[in-house]
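Undergrad: after the sequence you'll find the predicted model.
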Amino acid sequence: MHDLALTVNGRDVALSVPEAASLLHVLRNDLGLNGPKYGCGLGQCGACTVWVDGVAARACVIPAHGVAGRAVTTLEGLGTRDKWHPVQQAFEQAQAAQCGYCLNGMVMQAAALLARDPHAGEARIRAELSGNLCRCGTHVEILDAVRRAAA
Ligand code: FES
């Protein structure tokens, strides 16, 4: 076990975590933040996407000790139940969900892109989301949602 201090969704957090724990494990199991999902566990599907210092990152392959002193944002820190983030609103308007398991990663990845490039074009959107997988096959609606948010 080792001590870890970081900021999660704007709050300072200090806890003791196993040496080999991933950031995803700590977020879900120690902090009860279930926005980020466990999909592949290999950094290949994007279901676990969070922001580390504002940059989209795969929480399943980041050692928890690697984010000491950093600012982590999860889906829970993006919008609230009363005030959704514009990307979340666009996903709802485009009905861009089937089972919904991938949506954490899709939303976090898209919101990171639009924070850098608010009016990202088609090629940029497709490139940004190319590493986020949806096994239901709702990529058409997902791309529509991100286009709406970028308009
Ligand atoms: Fe992290 Fe798939 S669960 S990339």
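TA: Sure thing, it's come through. Bear in mind that the values here come from a model prediction, so they are computed numbers and not experimental data.

Undergrad: C-terminal to the lengthiest helix in the chain, what's the next element?
TA: Across the chain, the longest stretch assigned as helix under DSSP state H is helix 103-116. Using DSSP states H and E, the helix or strand that follows helix 103-116 in sequence is helix 122-129.

Undergrad: list the buried ones in that next one?
TA: Within helix 122-129, the residues that qualify as buried are 124, 125, 128, 129, counting by 16 or more other C-beta atoms under 10 Å. Using the backbone N, CA and C atoms, a C-beta is placed for each residue, glycine as well.

Undergrad: what's the farthest-apart pair in those?
TA: With C-beta to C-beta as the measure, no two of the buried residues of helix 122-129 lie farther apart than 124 and 129, at 9.7 Å.

Undergrad: for the longest helix of the chain, name the packing helices and strands.
TA: strand 49-52, strand 55-58, helix 86-93, helix 122-129, helix 139-150 (3 or more C-beta pairs under 8 Å, 6 or more residues apart in numbering; DSSP states H and E).

Undergrad: now the angle from it to helix 86-93?
TA: The directions of helix 103-116 and helix 86-93 differ by 130 degrees, with axes from the mean of the first three to the mean of the last three C-alpha atoms, to 10 degrees as the criterion.

Undergrad: tell me the SS of residue 66?
TA: helix (DSSP: H, G, I helix; E, B strand; the rest coil).

Undergrad: so residue 68 touches residue 4, yeah?
TA: Yes - look at residue 68 against residue 4 with C-beta atoms under 8 Å: they come within range, at 5.7 Å.

Undergrad: neighbour count: these two, which is higher?
TA: Counted by other C-beta atoms under 10 Å, residue 68 and residue 4 do not tie: residue 4 has more neighbours, with 20 against 12.

Undergrad: so the more buried one belongs to a strand, correct?
TA: Yes - Residue 4: assigned to a strand according to three-state DSSP.

Undergrad: just give me the neighbour total for the residue nearest to it when sequence neighbours are not counted.
TA: Sequence neighbours aside, residue 17 is the residue nearest to residue 4 in space, at 5.1 Å (criterion: C-beta to C-beta, 6 or more residues apart in numbering). Look at residue 17: counted by other C-beta under 10 Å, it has 19 neighbours.

Undergrad: cool, thanks, talk later.
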